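In: Mind folding the following:
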Amino acid sequence: MSTADEVALLASKGLFEEAIDAALELEDPTERLNALTDIALHAYGKRNDLLPSLFDDALKILKKIKNSYDRAYAYSKLAYVYSVIGDHENAAEFFDRAADEVARIKSEGDKALALSVLAYYLAISGFIDEAISSFNEAFDMLISASMDYRRKLDVITEVAGMMENAGDALHSRNAIRFYEIAYDIFDKLYINQRAAEVEKKLEVAKIMLYYGYPDVREALLEGRYQFAVSLLQRRLKDPQELFMALLEVAHWMKHVGAAEYLDVLEAAFKLFGSIGLTEENVQRSAAILTDMGELEKALKFALEIKDLEKRDDALAAIALKLAEKKEFADAREVVKAVSNPMLKAKLAGEIGKLEDQYKMEF
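Out: Residues are numbered from 1 along each chain as shown. Down below sits the predicted model:
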């Protein structure tokens with residue numbers, strides 16, 4: 001008898017016919033359907049000729065699944081696969097069917113979990129707002145549910161875990177919202193280790209905001225910095241994008257105290273020597289370098305910003321960073337380059353306060 005892991009291994013190696021045969025040997029209908037949809041995901045783009053029969057087999061198996069929770073899961077998974085292959089009409093229809101099955105579930109805990117499964121697949125299909133709304137609905141359902149307190153906490157924790165998993169599968173720009181809610185839940189429940197793990201994922205997503213692909217973030221969290229750089233080098237063909245991505249990687253590495261960040265920063269500026277940057281990327285470079293504390297480099301970018309208001313904002317951030325580092329004379333020199341007289345006066349006052357505090361301390 002085959003196992004789901006064996007099916008997945010065969011499909012990952014491109015042995016699709018063997019994988020299908022092995023999947024059809026699985027006893028549990030839900031497991032069998034799950035295996036067939038996984039094969040479809042592997043086959044997409046390589047053996048599209050197999051997709052119609054895979055969907056036909058999956059739909060036949062679905063008819064044998066009577067439990068509403070399992071049917072909600074099956075419809076959600078199928079909707080996701082349809083979304084991946086670009087069949088948005090079927091994706092929408094199957095997400096609707098999943099929602100109908102969720103509504104049929106009597107147990108409040110099971111209903112919240114099924115809704116969270118639906119939300120997870122909505123998220124990784126790109127329906128971010130709908131997914132957040134469904135997760136929030138699941139939490140609201142659980143908070144008002146009349147069920148055993150320990151069971152309620154277990155289910156809330158499981159739902160928060162699904163939100164974290166959704167974040168793990170998404171680009172940083174979308175992952176942040178899921179991580180923020182998951183962190184808030186774990187923190188409020190005093191599940192400290194999980195809260196700390198999600199907080200770190202949230203931090204890397206915020207720093208790797210533009211080039212935080214899931215596999216890149218995972219590598220960075222594991223300390224495999226060179227591998228993360230290699231992933232970006234393979235993925236990004238535009239040298240300007242690669243420069244910006246390397247800045248983000250260097251920023252994260254400095255944030256976690258990895259001394260090798262200097263090597264990544266050096267590689268970025270070697271690349272910079274042969275490229276030009278858009279106005280937006282000049283502004284972003286100034287902001288990243290300021291956050292990193294690379295203020296001399298940040299200043300060079302800030303002075304290149306054409307938009308006067310954004311240039312002033314960048315200069316103000318650098319001046320305050322210098323003042324925080326007790327480099328008050330340099331901070332005042334930067335303030336001189338600010339064009340807005342009101343902002344210039346405000347900065348002078350803030351720097352003066354910081355200097356007075358420093359003098360009082362010593």
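In: Quick one: low-confidence residue ranges for the chain.
Out: Applying pLDDT under 70 to the chain flags residues 1-2, 362.
In: can you rerun that using 90?
Out: Within the chain, the segments meeting pLDDT under 90 span 1-8, 144-147, 149, 273-276, 355-362.
In: And the strands in it, which stretches?
Out: Applying DSSP state E to the chain gives no strands.
In: Quick check: Arg194 touching Lys188?
Out: No - applying C-beta atoms under 8 Å as the test, Arg194 and Lys188 come out as separate, 11.6 Å apart. The way it works is simple: take the backbone N, C-alpha and C, and place the C-beta from them, glycine included.
In: Comparing those two, which residue is more hemmed in?
Out: Taking neighbours as other C-beta atoms under 10 Å, Arg194 and Lys188 compare with Arg194 leading, 18 against 11.
In: That one and Ala160: what is the separation?
Out: For Arg194, the distance to Ala160 equals 8 Å [C-beta to C-beta, to the nearest Å].
In: Also Ser76?
Out: According to C-beta to C-beta, Ser76 and Ala160 sit 18 Å apart.
In: next one: Glu17
Out: Counting by C-beta to C-beta, the gap from Glu17 to Ala160 is 40 Å.
In: between the two, which one's more packed in?
Out: Counted by other C-beta under 10 Å, Glu17 and Ala160 do not tie: Ala160 has more neighbours, with 27 against 11.
In: which ones are touching the residue nearest to the more buried one when sequence neighbours are not counted?
Out: Spatially, and ignoring its direct neighbours in sequence, Ala160 is nearest to Ile185 (3.9 Å; C-beta to C-beta, 6 or more residues apart in numbering). Residues in contact with Ile185 (C-beta atoms under 8 Å, 6 or more residues apart in numbering) are Phe139, Ile156, Thr157, Val159, Ala160, Met163.
In: And for Ala205?
Out: With contact set as C-beta under 8 Å, 6+ apart, Ala205 has these partners: Gly167, Ser172, Ala175, Ile176, Tyr179, Gly212, Arg217.
In: can you put these in a markdown table and add neighbour count and distance to Leu232?
Out: Output for the contacts of Ala205, formatted as a markdown table (neighbours: other C-beta atoms under 10 Å; distance: C-beta to C-beta, whole Å):
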| residue | neighbour count | distance to Leu232 |
| --- | --- | --- |
| Gly167 | 26 | 20 |
| Ser172 | 24 | 13 |
| Ala175 | 26 | 17 |
| Ile176 | 18 | 19 |
| Tyr179 | 25 | 21 |
| Gly212 | 24 | 10 |
| Arg217 | 24 | 11 |
